[in-house]
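In: no FASTA, just this:
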């Protein structure tokens, strides 16, 4: 069957079938398409949220492990502790999302931290059981890291060694805590902690960083922007870590709770993209989609994205009616324009296919590509022309027979390389540079052309591949791109053929008092 008849038959059959089935299938497929778009959108929201969290989470371990901890911290601030304060302060400036960056010493219970208050100021927080029974002292840091003492916080003594962020790190090495209330300030946050050891493998202390959950919630609000989507970060048991909502009793939060009860399993075990439809007390359906967020340090969270189903299902009915109308109009128009379109497609494609059959046998014509009003056909025609030009150029470096073998093999020539034993050919002319200086450029080119034609013909006839011409120098190899188990033999026989041919040529050149082609060849197999 010809392409023209095939196109006409397909167009008519598909359009008739579409119109007949449009009432039922239109709604179904439109809904599927919209749901796919919804899933892609929700996944993009989840991935964007995960990347934002990763900016802090993934940098926690390298940040904590990069801090240089002094061997000993004294009751008074010594030079080593000043250096530690400077390093902690630099890291807090580098990571504005951090609320605390702190260290607790195992031997003495000494504690030093840089914290960020609600206005963004950096404050040194310090306790030591040997000073005032371990009560807190604080200093405000200015832009030049000068410390000015603040009023002493009215808090009980603080020993880092009994805090969860410390004990978990001692037990597990590197760990993220569950959300907890900060010792001072009343904020809720999470901490990442890393145990630090002495050279003798005894525990030196624990480094930790803390992030306010308010900051994480602010980030989630920036991700959702003005959309109807709400974003929640949950623990494995469904407890809330952070969310983009201001009211935990709004419809999205209620729909999330209902969806979590339907799952009946811990959230990190839920497959990514699992969606649950749940309703609020008002009966309004919401789609709740879960994406596990699991990272090193026992960080087992889940990102839940909540969207009202009306956001996307309202488009389904509208699209269904539009699809039916377009299908009827297309059916009426298809029979009138189908013949014209099929002719405009099939005629140039037929010419291109005939040209490609010739290319497959490495018979490359100089015919111009067929013209067409269809852009894609014009692009194909131009691509065929460029392909033929490339094959002509390729054939200048690789023998025609090799090109035919490559085309016949159907194998792709890919970027990259492989380890393979090759025999390499290096050659040049003795004293040619000095001789060429005494000749006009045109004569130099003529001599080089005669010489290089002899070498090219001999190498190609022995299935070699020329890689580079450099003046009178030539670099070629054997056993690539196609495998040739006889490549050392062919390299040697091609060199001998070059020698014999040049001997004959040099007889005539000597008679004409011309420069002799004293060729030098180096062969190497490796």
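Out: Cool, got the structure. What you see is a predicted model; the values in this text were computed from it and never measured. Numbers count the residues shown, from 1 in each chain.
In: How about the contacts made by the closest residue to residue 370 other than its chain neighbours?
Out: Leaving aside its chain neighbours, residue 370 sits nearest to residue 348 (3.7 Å; criterion: CB to CB, 6 or more residues apart in numbering). Every residue, glycine included, has its C-beta placed from N, CA and C. Going by CB atoms under 8 Å, 6 or more residues apart in numbering, residue 348 touches 370, 371, 372, 374, 377, 381.
In: secondary structure element for the second one?
Out: Following DSSP states H and E, one finds residue 371 outside all helices and strands.
In: As a check, name the ranges of all helices in the chain.
Out: Using DSSP state H, the helices of the chain run over 3-66, 79-94, 164-172, 213-224, 251-263, 310-360, 375-397, 400-409, 432-436, 441-461, 487-511.
In: What are the buried residues along the third one?
Out: Within helix 164-172, the residues that qualify as buried by neighbour count (16 or more other CB atoms under 10 Å) are 165, 166, 167, 168, 169.
In: ok, now the fourth one?
Out: Within helix 213-224, the residues that qualify as buried are 213, 215, 216, 217, 219, 220, 221, 223, 224, counting by 16+ other CB under 10 Å.
In: so the fifth one makes contact with residue 52?
Out: Okay, so that is residue 219. Yes. Counting by CB atoms under 8 Å, residue 219 does reach residue 52; the two are 5.4 Å apart.
In: The residue lying closest to residue 351 once chain neighbours are set aside: what's it in contact with?
Out: Nearest residue to residue 351, sequence neighbours excluded (CB to CB, 6+ apart): residue 370, at 4.5 Å. For residue 370, the contacting residues are 347, 348, 351, 352, 377, 381, by CB under 8 Å, 6+ apart.
In: and if we set it to 7 Å?
Out: Listed by CB atoms under 7 Å, 6 or more residues apart in numbering, the contact partners of residue 370 are 348, 351, 352, 381.
In: The second one: neighbour count?
Out: By the measure other CB atoms under 10 Å, the count of residues near residue 351 is 17.
In: Just the pLDDT for it.
Out: Looking at residue 351, its pLDDT is 77.
In: pLDDT value on the closest residue to residue 426 other than its chain neighbours, please?
Out: Once flanking residues are discounted, residue 426 sits nearest to residue 522: 4.3 Å by CB to CB, 6+ apart. Residue 522 is assigned a pLDDT of 97 by the prediction.
In: doesn't residue 423 make contact with residue 522?
Out: No. Residue 522 lies out of contact with residue 423 (CB atoms under 7 Å); the separation is 11.0 Å.
In: Who has more neighbours out of those two?
Out: When residue 522 and residue 423 are compared for neighbours, residue 423 comes out ahead with 23 against 10, by other CB under 10 Å.
In: what sits opposite that one in the beta ladder?
Out: With DSSP bridges as the criterion, residue 423 is bridged to residue 478, residue 525.
In: Could you check how far it is from residue 483?
Out: 13 Å (CB to CB, to the nearest Å).
In: can you check residue 443 too?
Out: As for residue 443, its distance to residue 483 is 41 Å (criterion: CB to CB).
In: Also residue 302?
Out: Counting by CB to CB, the gap from residue 302 to residue 483 is 53 Å.
In: Residue 240: what's it in contact with?
Out: Residue 240 touches 232, 234, counting by CB under 7 Å, 6+ apart.
In: Apply 10 Å and report the result again.
Out: 179, 213, 217, 232, 233, 234, 248, 253, 256, 257, 304 (CB atoms under 10 Å, 6 or more residues apart in numbering).
In: Show me which residues of stretch 258-269 are buried.
Out: 258, 259, 260, 263, 267, 268.
In: Check the separation of the first and last residues in it.
Out: 18 Å (CA to CA, to the nearest Å).
In: same check, this time on stretch 155-164
Out: Span of stretch 155-164 from end to end, CA to CA: 18 Å.
In: And for stretch 266-284?
Out: Stretch 266-284 end-to-end distance (CA to CA) = 26 Å.
In: model confidence over it, on average?
Out: 79.
In: Show residues contacting stretch 152-163.
Out: The contact list for stretch 152-163, computed with CB under 10 Å, 6+ apart, reads 102-113, 125-129, 132-138, 166-167, 169-170, 177, 180, 183-185, 191, 193, 203, 205-206, 208.
In: hang on, the earlier thing: out of the helices of the chain, which gets nearest to residue 469?
Out: helix 441-461 (6.5 Å; CB to CB).
In: What residues of the closest one count as buried?
Out: Under the neighbour-count criterion of 16+ other CB under 10 Å, helix 441-461 has 444, 447, 448, 451, 452, 454, 455, 456, 458, 459, 460 buried.
In: Quick one: list the elements packing against it.
Out: Applying 3 or more CB pairs under 10 Å, 6 or more residues apart in numbering; DSSP states H and E, one finds that helix 441-461 contacts helix 375-397, helix 400-409, strand 423-429, helix 432-436, strand 464-470, strand 473-478, helix 487-511, strand 519-525.
In: Now do that helix: distance to the chain's middle.
Out: Centroid separation for helix 441-461 versus its chain: 48 Å, with CA atoms, centre = their mean, to the nearest Å.
In: I'd like the numbering to begin with 20 instead of 1 from here.
Out: Sounds good: first residue 20 from here, last item helix 460-480.
In: Could you measure from residue 473 over to residue 522?
Out: Counting by CB to CB - residue 473 and residue 522 are separated by 11 Å.
In: which residues do the two both contact?
Out: In contact with both residue 473 and residue 522: 536, 538, using CB under 10 Å, 6+ apart.
In: if I look at residue 74, how far off is residue 139?
Out: Counting by CB to CB, the gap from residue 74 to residue 139 is 18 Å.
In: Could you count how many residues lie near residue 347?
Out: 14.
In: Is it correct that it is in contact with residue 39?
Out: No. Using CB atoms under 10 Å, residue 347 is not in contact with residue 39; the gap is 11.2 Å.
In: Okay, now the unreliable bits of the stretch 370-519 of the chain?
Out: Scanning the stretch 370-519 of the chain for pLDDT under 70 picks out 379-382, 392, 411-435.
In: hmm, try it at 80
Out: The stretch 370-519 of the chain contains residues with pLDDT under 80 at 370-400, 402-436.
In: repeat for the stretch 220-369 of the chain
Out: The low-confidence ranges in the stretch 220-369 of the chain, as defined by pLDDT under 80, are 244-245, 265-268, 283-288, 298-302, 328-369.
In: same deal with the stretch 20-169 of the chain?
Out: 20-58, 75.
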